[in-house]
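Enquirer: got a predicted model here, sequence first, then my questions.
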Amino acid sequence: MRNWDPNSLQGCCYPSASHWDPPPPRWIKVNFDGSVKQNGAAGAGGVLRDHYGNLLLAAGSKLYTQATLTAEATGALIALTAAQEWADMADGIWIEGDSAITIADLHRTARGHPPDRTMAQIFALFDAFKAHRISHVYRAANRAADFVASFSCLDNTEWRRGMSLPLKFCAILNEDRTFCT
């Protein structure tokens with residue numbers, strides 16, 4: 001497996017930390033997040049989209065943890081597990097989240113040094129893809145994944161293209177899509 005080559009982005013913009021950017025054509029973009037509320041509710045999840053910004057899948061799980069980093073790592077695991085469905089069709093996967101610590105752990109994991117059991121599970125999932133890219137973004141660029149993680153504090157969630165989706169989630173996806181050219 002190779003890392004993402006920025007020179008392969010013909011016609012695609014360079015990543016921004018402040019808004020959602022589409023992946024290169026034939027790549028899958030995975031945004032993940034974890035959420036731990038003050039009332040004790042927790043959830044994690046991710047959103048998978050194509051280079052047009054179209055939703056492929058959003059998945060999340062209710063968690064029983066008070067550790068934000070555990071929720072973030074679980075969000076990455078949920079999203080990468082869901083992305084396996086497209087591994088044979090995609091040229092690569094772009095993984096993005098707003099937790100700098102989790103992104104650093106993902107980079108260590110991609111180099112073969114997972115720091116914990118969750119990251120070891122993620123390491124096994126990387127091999128399904130021809131190439132990968134891992135990047136950190138600000139929360140503003142990760143709003144769709146944040147919505148799924150927060151929504152999943154109540155119950156497990158799985159939304160696919162063509163399903164009826166919460167209006168706020170649709171609004172986030174549509175706003176993100178304005179950055180696709």
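Expert: That came through, no problem. Not measured: the values here are computed from a predicted model.
Enquirer: next, the buried residues of stretch 98-105.
Expert: For stretch 98-105, the neighbour count (16 or more other C-beta atoms under 10 Å) marks D98, S99, T102, I103, D105 as buried. Just so you know, the C-beta spots here come from the backbone N, C-alpha and C atoms, and that holds for glycine as well.
Enquirer: what distance do you get for L173 to H19?
Expert: Using C-beta to C-beta, to the nearest Å, L173 is found at 13 Å from H19.
Enquirer: more neighbours: which of these two?
Expert: Neighbours per residue (other C-beta atoms under 10 Å) separate L173 from H19, with L173 holding more: 20 against 16.
Enquirer: quick check: phi and psi at H113.
Expert: Torsion angles at H113 (phi, psi; degrees, to the nearest 10) stand at phi -130, psi 70.
Enquirer: do you know the pLDDT at the residue lying farthest from the centre of the chain?
Expert: Most distant residue from the mean C-alpha position of the chain: N39, 25.0 Å away (C-alpha atoms, centre = their mean). pLDDT for N39: 93.
Enquirer: can you tell me the helix or strand for it?
Expert: Using DSSP states H and E, N39 maps to neither a helix nor a strand.
Enquirer: ok, now how distant is it from M119?
Expert: Separation of N39 from M119 (C-beta to C-beta): 28 Å.
Enquirer: just to revisit the earlier point, I134: which of the buried residues of stretch 98-105 is nearest?
Expert: I103 (6.2 Å; C-beta to C-beta).
Enquirer: I'd assumed T109 was in contact with that closest one.
Expert: No - counting by C-beta atoms under 8 Å, I103 does not reach T109; the two are 10.4 Å apart.
Enquirer: which residue is nearest the middle of the chain?
Expert: By C-alpha atoms, centre = their mean, the most central residue of the chain is N31, 2.1 Å off.
Enquirer: wait, a strand at that residue?
Expert: Yes - assignment of N31 by DSSP: H, G, I helix; E, B strand; the rest coil places it within a strand.
Enquirer: which ones are touching it?
Expert: N31 makes contacts with W20, G46, V47, R49, A79, E96, G97, V137, A141, N142, A144, A145, as judged by C-beta atoms under 8 Å, 6 or more residues apart in numbering.
Enquirer: now P166
Expert: Here P166 is in contact with F147, F151 (criterion: C-beta under 8 Å, 6+ apart).
Enquirer: and it, its phi and psi?
Expert: According to degrees, to the nearest 10, P166 has phi -60, psi 140.
Enquirer: for the one helix or strand F147 maps to, name the packing helices and strands.
Expert: Per DSSP H and E: F147 is located in helix 143-151. Applying 3 or more C-beta pairs under 8 Å, 6 or more residues apart in numbering; DSSP states H and E, one finds that helix 143-151 contacts strand 27-36, strand 42-49, strand 55-63, helix 68-83, helix 167-177.
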